[in-house]
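Q: below are the sequence and a predicted model for it; my questions follow.
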Amino acid sequence: MEWLPRCQNEKVAYLSRIFDLGDWSVNPALFRLVDSRWGPHTVDRFASYYNAQVERFNSRFWNPGTEAADAFTQDWSNDNNWQCPPVSLIVRVVRAWEL
């Protein structure tokens, strides 16, 4: 490993400044309550490695352990999907189920 000044490593410097405002989740206790009633959920469609509610998850960007970097590229029909999307994607999620 070797240290590089920021000006020589611009891609990594840029990536380190990304803050995803849509990266949120419900409290794990609330998820367990919902999962006990309508689960078990098999995949968390809008998660990251640190907030996924189940082992299988899709993330907005590549994350360690993600099955896909875009939930909308996946077939949702064979899973019990946990979906807690960013507010900006709610309409798109509803439309995806209408197909």
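A: Thanks, I have it. Residues are numbered from 1 along each chain as shown.
Q: contacts, neighbours, all on C-alpha from now
A: Will do.
Q: in this structure, which helix is the longest?
A: The single longest helix within the chain, with elements called by DSSP state H, is helix 28-38.
Q: who are the contact partners of the nearest residue to S48 once chain neighbours are set aside?
A: Leaving aside its sequence neighbours, S48 sits nearest to S59 (Cα to Cα, 6 or more residues apart in numbering; 5.2 Å). Listed by Cα atoms under 8 Å, 6 or more residues apart in numbering, the contact partners of S59 are 45-48, 66-71.
Q: rerun at 10 Å
A: 23, 44-49, 52, 65-71 (Cα atoms under 10 Å, 6 or more residues apart in numbering).
Q: average pLDDT across the longest helix of the chain?
A: When pLDDT is averaged over helix 28-38, the result is 95.
Q: next, give phi and psi for the residue nearest to S48.
A: Per-residue torsions, S59: phi -130, psi 160 (degrees, to the nearest 10).
Q: how close does it sit to W3?
A: Distance from S59 to W3, counting by Cα to Cα, to the nearest Å: 29 Å.
Q: then G39?
A: Using Cα to Cα, G39 is found at 47 Å from W3.
Q: and if you look at H41?
A: Distance, H41 to W3, by Cα to Cα: 43 Å.
Q: same question for R60.
A: The gap separating R60 from W3 is 29 Å, by Cα to Cα.
Q: look at the two and report which has more neighbours.
A: Taking other Cα atoms under 10 Å, R60 and W3 do not tie; R60 has more neighbours (18 against 7).
Q: contact partners for the residue most central in space within the chain?
A: Taking Cα atoms, centre = their mean, the centroid of the chain lies closest to A47, which sits 2.2 Å from it. By Cα under 10 Å, 6+ apart, the contact set of A47 is 22-25, 53-54, 56-61, 63, 66, 69, 71, 82-86.
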